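Undergrad: Here you go, sequence then predicted model.
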Amino acid sequence: MKNILLAIILFPILTYCQSSKTYLELVDDAKTKKSSEQIEKLFIGTWEFQKLTDKNGKIITEIKHFVNDTITANEVVWRPSMRIEKNGTYELIGCENSENCESGKWEYDSKEKVVIMTFDKPQYNVPIDKLAPGLLEQLKKSGSLIEFTKNEIEIAEITQTDLKVFEFLESDGTEFKYNLKVYRKK
């Protein structure tokens, strides 16, 4: 009995539990801790895309996308650069297709800790300029055509010369999966 009591005192019973934080709290914890004034000041300028990394800093040059069980597509990693103006406007530059190179207005939402990029022209989940009018109408009626009017950028880190932005990966909401788009100020 003495040995059992001694074992309990020396080796207490350990219990394990998952993080008590929600997915959104984990995202907020990973965001930059700079003030909104610092972020707004540092964000202005031309940011040239450098690389995509995983959360550990390993460079990703290609991403395999699974369309279905038999079709896969390999994406060579590239992202457009951004010109952010003090007057609250922005423009993506160096896009592969200039027609899809968005521009619009930006603002920092200090409550949600995100940069909201509101597009001048809506963006769609398919290239509507390439669709036959009949197919475009069919997609609209079926609800398959999705219109986007804004994008939100969540900043992981920002300095005078470097910007790291989260690129979220598919998740079931129980774990925080992401890559980082890394930019350098021109």
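TA: Received, thanks.
Undergrad: all contacts plus neighbour counts: C-alpha atoms, from now on.
TA: Will do.
Undergrad: how distant is stretch 156-174 from the center of its chain?
TA: Chain-centre distance of stretch 156-174: 6 Å, with C-alpha atoms, centre = their mean, to the nearest Å.
Undergrad: again with stretch 49-60
TA: Distance, centroid of stretch 49-60 to centroid of chain: 13 Å (C-alpha atoms, centre = their mean).
Undergrad: which stretches of this structure have low pLDDT?
TA: 1-19, 99-100 (pLDDT under 70).
Undergrad: Spatially central, which residue of it would that be?
TA: Nearest residue to the geometric centre of the chain (C-alpha atoms, centre = their mean): Glu167, 2.9 Å.
Undergrad: So what touches the one helix or strand it maps to?
TA: Assigned by DSSP states H and E, Glu167 falls within strand 162-168. With contacts defined as C-alpha atoms under 8 Å, 6 or more residues apart in numbering, strand 162-168 is touched by 47, 153-158, 177-185.
Undergrad: The residues you listed in strands, which ones?
TA: Mapping the contacts of strand 162-168 onto strands (DSSP state E) picks out 47, 153, 155-158, 178-185.
Undergrad: Any of these buried? List them.
TA: Buried members of those, scored by 16 or more other C-alpha atoms under 10 Å, are 47, 155-158, 178-185.
Undergrad: Next, give me the two most distant ones among those residues.
TA: Longest distance between any two of those is 22.3 Å, between Tyr178 and Lys185; criterion C-alpha to C-alpha.
Undergrad: ok, back up a step: which single one of the buried ones among the ones in strands among the contacts of strand 162-168 is nearest to Ser103?
TA: Trp47 (14.3 Å).
Undergrad: From Tyr124, how far out is that closest one?
TA: 24 Å (C-alpha to C-alpha, to the nearest Å).
Undergrad: And for His65?
TA: 19 Å.
Undergrad: Please name the nearest non-neighbouring residue to the residue nearest to the centre of the chain.
TA: Asn179 (5.1 Å; C-alpha to C-alpha, 6 or more residues apart in numbering).
Undergrad: doesn't Ile155 make contact with that neighbour?
TA: No - using C-alpha atoms under 8 Å, Asn179 is not in contact with Ile155, being 11.9 Å away.
Undergrad: Following the helix or strand hosting Gly104 in sequence, what is the next regular element?
TA: Assigned by DSSP H and E, Gly104 belongs to strand 103-109. Going down the chain from strand 103-109, the next helix or strand is strand 114-124, by DSSP H and E.
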